[in-house]
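Chemist: Quick check, what structure comes out for this input:
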Amino acid sequence: MDCIGIDVHKRESQIYILADTGEIQEVRIRTTRERFTAVLGNRTTARILLEAATESEWVAQCLELLGHEVIVADPNYAPMYPDRRRRVKTDRRDAAALAEACRTGTYRAAHRLSAAQREVRRHLCTRDHFVRTRVRTVVLIRALLRGEGLRIRGGMIETFLGRLRELDVPDALQVRLAPLVACLEFVNAQIAAADTEMAAVTAANPLLQRLATTPGVGPVTSAAFVAVLDRVDRFRSPQQVASYIGLVPREASSADRRHRGHITKAGNSRLRWLLVQSAWGVIRCRKPAAIPLRTWAERIAQRRGRSIAVVALARRLAGLLFILWRDGTTYDPGRLRMPTGSAAA
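Modeler: A predicted model of the protein is given here:
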């Protein structure tokens, strides 16, 4: 079977074909379905290796429809590029290295999300864009008001427009604020629609309902957690899940020296941010179900500070969600076994 390495990029891709006979063929094409079909559509079944990237999923699906065996590889797996040098790095070299790794099997396959979870992630990505746009718009409106000596009273961001209407804003400033207010009204409507859709998805999914029983975790966080992990059997332990999300400390240890720094921030940044926000919600929550988690985080805050405690609690929430998913149970504060000592932080 021929082995093919493809270095996929947004506009152009480099193809390196290593035939069974030893013949080598290199082609550079536009990254389009038509060009992939023209170059690889008439070939016999081949094994194709490409890196995980933004375009990798649709390219892989296109090549699979052409009858080829496609492997999406983890680009962080160093043995896949044994001869890579920082001073000489080209698409041709990368494609050749991918073809050789495909031939020898020196690669680590990346997980490919299911179609359902890809759709959920697209939905969450759109909602996240509207949320960030709302925050930037509110910050800008506040700044313009402060420039005229006006201050809007505090409150939740959902009620910002109502509090804005309470102010006696000069006519000239109202003209400048009008497009921002219209933008904010539109964004609020889009976020509300996205939340309504996510609530409907959660109501129809028993798994999301079980995860949402955890304090601080709502439909958006539970849906994002499932969409990122995709399958619970991919992970062996809560610690592995926390590492995958990037909530574990960096470490540089050698011999008797051990240094642990800030969290790695690897993996999906949106899910990591949602878990941190959920942790803040637990700390502010006064419901009985949140008492064990809040008490545990407060003990860490006394020793290490509030910020470190929140991140530790986010890591703990990730482990709890994994356990609920794996065991098919709901959150029960009476069954929690919270770590103590240095391991907690």
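Chemist: which residues in the stretch 201-345 of the chain form helices?
Modeler: 206-211, 219-229, 238-245, 269-284, 291-304, 306-327 (DSSP state H, counting those that start in this stretch).
Chemist: which regions of the stretch 51-200 of the chain lie under the pLDDT threshold?
Modeler: 85-86 (pLDDT under 70).
Chemist: Helices of that one, start to end?
Modeler: Using DSSP H, counting those that start in this stretch, helices in the stretch 51-200 of the chain cover 56-65, 91-104, 115-147, 160-164, 171-203.
Chemist: Just name the most buried of the ones you listed.
Modeler: helix 91-104 (a mean of 20; mean count of other Cβ atoms under 10 Å). For every residue, glycine as well, the C-beta is placed using N, CA and C.
Chemist: Give me the contacts around that helix.
Modeler: 3-7, 9, 14-18, 26, 28, 47-51, 71, 73, 79-84, 106-107 (Cβ atoms under 8 Å, 6 or more residues apart in numbering).
Chemist: For the buried ones among those, write the corresponding PyMOL selection.
Modeler: Those of the contacts of helix 91-104 that count as buried under 16 or more other Cβ atoms under 10 Å are selected in PyMOL with:
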select buried, resi 3+4+5+6+7+14+15+16+17+18+47+48+49+50+51+71+73+80+81+106+107
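Chemist: does Arg28 sit in a helix, a strand or a coil?
Modeler: strand (DSSP: H, G, I helix; E, B strand; the rest coil).
Chemist: doesn't Tyr16 make contact with it?
Modeler: No: checked against Cβ atoms under 8 Å, the pair Arg28 and Tyr16 is beyond contact range at 10.1 Å.
Chemist: Asp74: what's it in contact with?
Modeler: For Asp74, the contact set (Cβ under 8 Å, 6+ apart) comprises Ala52, Met80, Tyr107, Arg108, Ala109, Ala110.
Chemist: Could you dump these into CSV with distance to Thr329 added?
Modeler: As requested, the contacts of Asp74 are arranged in CSV below (distance: Cβ to Cβ, whole Å):
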residue, distance to Thr329
Ala52, 33
Met80, 39
Tyr107, 37
Arg108, 32
Ala109, 31
Ala110, 30
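Chemist: Which of those residues sits closest to Gly154?
Modeler: Ala52 (43.6 Å; Cβ to Cβ).
Chemist: Double-check the closest one against Tyr77; I have them as touching.
Modeler: No: contact criterion Cβ under 8 Å: Ala52 and Tyr77 do not qualify, at 10.2 Å.
Chemist: number of nearby residues for the closest residue to Leu124 other than its chain neighbours?
Modeler: The shortest distance from Leu124 to any non-neighbouring residue, by Cβ to Cβ, 6 or more residues apart in numbering, is to Ala224 (5.4 Å). Residues lying near Ala224 (other Cβ atoms under 10 Å) number 26.
Chemist: which residues does Ala224 contact?
Modeler: Val120, Arg121, Leu124, Asn268, Arg270, Leu271, Leu274.
Chemist: The first one against Ala223, yeah?
Modeler: If I follow you right, that is Val120. Yes: contact status for Val120 versus Ala223: in contact at 5.7 Å, counting by Cβ under 8 Å.
Chemist: Find residues that contact each of those two.
Modeler: Val201.
Chemist: returning to what we had before: tell me the one of the contacts of Asp74 nearest Glu185?
Modeler: Ala52 (39.1 Å).
Chemist: Can you report how many residues neighbour the closest one?
Modeler: Neighbour count of Ala52, defined by other Cβ under 10 Å: 17.
Chemist: Without its sequence neighbours, what residue ends up closest to the residue nearest the centre of the chain?
Modeler: Most central in the chain under Cα atoms, centre = their mean is Asn268, positioned 2.3 Å from the mean C-alpha point. Distance criterion Cβ to Cβ, 6+ apart; nearest residue to Asn268, sequence neighbours excluded, is Val228 at 4.7 Å.
Chemist: And the one you found, how far from Thr264?
Modeler: From Val228 across to Thr264, the span is 15 Å (Cβ to Cβ, to the nearest Å).
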